[in-house]
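Undergrad: sequence and computational prediction follow.
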Amino acid sequence: GTQLAVLSACNTGVGDLRAGDGVQGLQRAFTVAGAQTVVMSLWSVDDEATRALMAALYTAYNSGTGRAESLRHAQLAVAAVPATAHPFYWAAFVAAGVAD
């Protein structure tokens, strides 16, 4: 079982709604494949802000911080920079699944 799958590209959390099946997309595919937590984006993301967010996310995660908490730390770090303080730069990313 993969503990954390990170989909850092644009719109990776967006899927198609299918009657009787719910939303079909990358997040569901990774969950079915065994990923406990999937981090994904809900809209088009800025390349540089995403690079900074991913670096902060992996730094926190590799230091022992939980999965969802690592994303939160990364978002706060990006939001603390005046040039990327607007939620457009950091709020696109969400974590789905098991938090820790």
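TA: Yep, it's here.
Undergrad: phi, psi of Leu4?
TA: phi -140, psi 120 (degrees, to the nearest 10).
Undergrad: now do Phe93
TA: Taking degrees, to the nearest 10, you get phi -90, psi 130 for the backbone angles of Phe93.
Undergrad: let's have the chain start at 51 instead
TA: Happy to do that; since the first residue is 51 now, the last one works out to Phe143.
Undergrad: isn't it right next to Ser120, touching?
TA: No: taking contacts as CB atoms under 8 Å, Phe143 lies outside contact range of Ser120: 11.0 Å. In this view, the C-beta of every residue, glycine as well, is placed from N, C-alpha and C.
Undergrad: tell me the pLDDT of Gly51.
TA: pLDDT, the model's per-residue confidence, is 81 for Gly51.
Undergrad: helices of the protein, residue ranges please.
TA: Using DSSP state H, the helices of the chain run over 76-82, 97-112, 117-129, 137-140.
Undergrad: mind listing what's buried along stretch 142-150?
TA: Within stretch 142-150, the residues that qualify as buried are Ala142, Phe143, Ala145, Ala146, Gly147, counting by 16 or more other CB atoms under 10 Å.
Undergrad: what's across from the second one in the sheet?
TA: This means Phe143. Beta-bridge partners of Phe143, counted by DSSP bridges, are Ser91.
Undergrad: could you report the pLDDT at it?
TA: Each residue has a pLDDT score; the one for Phe143 is 96.
Undergrad: for the residue positioned nearest the centre of the chain, which non-adjacent residue is spatially closest?
TA: For the chain, the residue whose C-alpha lies nearest the mean C-alpha position (CA atoms, centre = their mean) is Val89; its distance is 2.7 Å. Once its chain neighbours are removed from consideration, Val89 has its nearest residue in Val56; the separation is 4.6 Å (CB to CB, 6 or more residues apart in numbering).
Undergrad: residues contacting that neighbour?
TA: Listed by CB atoms under 8 Å, 6 or more residues apart in numbering, the contact partners of Val56 are Val88, Val89, Met104, Leu107.
Undergrad: cool, and Met90?
TA: With contacts taken as CB under 8 Å, 6+ apart, Met90 has the following neighbours: Leu57, Thr62, Gly63, Leu76, Gln77, Phe143, Val144, Ala146.
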